[in-house]
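# Sequence first, then the predicted structure, then my questions.
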Amino acid sequence: MAKLYFYYASMNAGKSSNLLQAAFNYGEREMKVSLWTAAIDDRPGFGAISSRIGLASDAHRFEPDTDIESHVLRQHAEEPLACVMVDEAQFLTEAQVWQLARLADTHDIPVLCYGLRTDFQGALFPGSAVLLGIADSLVELKSVCKCGRKATMNLRVDDTGRPVKAGAQTEIGGNDRYVAMCRRHFVEALS
């Protein structure tokens, strides 16, 4: 029986590299996977899933109005899929998360979602909130704060490295805009 998985973590925990390694493992066994990432991310490599350690793969891009379920079912009809993998799952809509759940429940296609749990203010992303609520399996990937504790928060910084306390929930960036921290250091940085 297929399941809906949610692998979540703070920034720099290896979510994308974990996804790409799993996709590689399926490919080694000549099993087809459907890779997805958020269209909102327009940094270099747009349309690809890429990791900080240099792994990358082309992927379908989803926007808020993308019907992922019907697209995957068309793919699956052409060539059976072993798995669907979604990077940047925090940007999924509630409807898209339920589409992914139906792929697992009704069509017996495992779905692995990877994303951030919370934003730079500690609030849940909409897609992450639904995944935390309905996923069959929740897996926390670990990142490390500068103090050595588990990093669970994402501190947004400006161009000079100062903490940002307010703004839009989504601002695309990597190490230049976000620092993974434990809650204690996150709170201290914002004080």
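Looks like it came in fine. Residues are numbered from 1 along each chain as shown.

# where along the protein do the helices fall?
Secondary structure of the chain (DSSP state H): helices located at 15-28, 68-78, 94-105, 126-134, 183-190.

# For the most centrally placed residue in the chain, give me its contacts.
Taking C-alpha atoms, centre = their mean as the criterion, Gly115 is the residue nearest the geometric centre of the chain, at 2.4 Å. Contact partners of Gly115, counting by C-beta atoms under 8 Å, 6 or more residues apart in numbering, are 6-8, 15, 86-92, 125, 127-128, 131. (Each C-beta comes from the backbone N, C-alpha and C, glycine too.)

# Among the residues you listed, give me the pair with the biggest separation.
Distance extremes for the contacts of Gly115: the farthest pair is Tyr7 and Phe91 at 15.0 Å, using C-beta to C-beta.

# Pull the number of nearby residues for the residue nearest to His60 when sequence neighbours are not counted.
The shortest distance from His60 to any residue other than its chain neighbours is 5.0 Å, reached at Trp36 (C-beta to C-beta, 6 or more residues apart in numbering). Residues within reach of Trp36, counting by other C-beta atoms under 10 Å, total 26.

# okay, stretch 98-116 in CSV with CA atoms only?
In CSV, the C-alpha atoms belonging to stretch 98-116 read as follows (Å, rounded to 0.1, in the frame of the first residue of the first chain):
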residue,chain,number,x,y,z
TRP,A,98,-4.8,16.3,-1.2
GLN,A,99,-4.1,15.5,-4.8
LEU,A,100,-0.9,13.9,-3.7
ALA,A,101,-2.7,11.9,-1.0
ARG,A,102,-5.1,10.6,-3.6
LEU,A,103,-2.2,9.4,-5.8
ALA,A,104,-1.0,7.3,-2.8
ASP,A,105,-4.5,6.2,-1.6
THR,A,106,-6.4,5.6,-4.8
HIS,A,107,-3.7,5.0,-7.4
ASP,A,108,-1.1,3.2,-5.2
ILE,A,109,1.7,5.5,-6.1
PRO,A,110,4.1,6.4,-3.2
VAL,A,111,4.6,10.2,-2.8
LEU,A,112,7.6,11.6,-1.1
CYS,A,113,7.5,15.3,-0.2
TYR,A,114,10.5,17.3,1.0
GLY,A,115,10.2,20.8,2.4
LEU,A,116,10.5,23.4,5.2
